[in-house]
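Participant: next one to model:
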Amino acid sequence: MSTLHLDAEALYADLLDAVRQFLQPGTALVGIWSGGAWLAERLQRDLMLAGEAGVISSALHRDDFGSRGLAAGTDHTRLPFEIEGRHLLLIDDVLYTGRTIRAAINELYDFGRPASVALAVLVDRGGRELPIAAAVSAARITLPREQRLSLARDAAGRFSFDIEEGA
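Facilitator: Numbers count the residues shown, from 1 in each chain. Here you go, the predicted model:
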């Protein structure tokens with residue numbers, strides 16, 4: 001286990017402030033299942049935006065689908081608003097290679113053509129394999145390739161991070 005300590009709640013507060021300044025009228029939030037969906041749901045509430053945030057699953061468009069398969073309950077896409085012509089803010093917990101973001105964008109376009117898609121992440125850990133960058137990021141860190149950083153949420157809705165070896 002790594003000695004790196006990230007305060008997920010403090011980073012969430014930074015993300016909230018950055019997203020508040022970034023949003024334009026009519027922008028819809030879409031969280032990537034699961035950590036990004038938790039963030040989008042809480043941002044929607046804390047920003048007092050009307051309606052509910054959307055949720056997108058990247059499972060069916062992943063480039064490693066053949067080796068990973070489809071885990072039970074992974075098709076969580078729920079978009080309670082029209083995508084066509086809409087400005088979207090795609091939310092994720094950790095940006096790493098960019099492959100999850102690419103897959104989520106492919107899934108979004110299955111539902112229509114948004115006017116724009118911007119990306120907001122809690123943590124950008126570097127290591128990109130695709131030309132994808134976040135417009136908003138609460139933190140930028142560097143982790144060894146063999147470590148996996150993931151967002152956790154407790155029963156009260158508070159965020160924390162898990163760092164695992166052997167990713």
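Participant: list the contacts of residue 130.
Facilitator: Counting by C-beta atoms under 8 Å, 6 or more residues apart in numbering, residue 130 touches 97-99, 101-102. Where you see a C-beta, it was placed from the backbone N, CA and C, and this is true even at glycine.
Participant: recalculate using a threshold of 7 Å.
Facilitator: With contact set as C-beta atoms under 7 Å, 6 or more residues apart in numbering, residue 130 has these partners: 97-99, 102.
Participant: again, but for residue 21
Facilitator: Contacts of residue 21 (C-beta under 7 Å, 6+ apart): none.
Participant: now do the same for it: its pLDDT.
Facilitator: We have a pLDDT of 95 for residue 21.
Participant: run through who's touching stretch 97-114.
Facilitator: 30, 32, 56-58, 60-63, 77, 79, 82-84, 86-88, 90, 92, 95, 117, 119, 127-130, 132.
Participant: residue boundaries of the strands in the protein?
Facilitator: Along the chain, counting by DSSP state E, strands occupy 28-32, 54-56, 87-95, 116-124, 136-140, 147-153, 159-165.
Participant: okay, now the sheet partners of the fourth one, with direction.
Facilitator: This means strand 116-124. Strand 116-124 pairs in its sheet with strand 87-95 (parallel), strand 136-140 (parallel), by DSSP bridges.
Participant: circling back to that earlier point, ok, which of the strands of the chain comes nearest residue 46?
Facilitator: Proximity to residue 46 (C-beta to C-beta) singles out strand 28-32 among the strands of the chain, at 11.0 Å.
Participant: state the mean pLDDT of that closest one.
Facilitator: On average, strand 28-32 scores 98.
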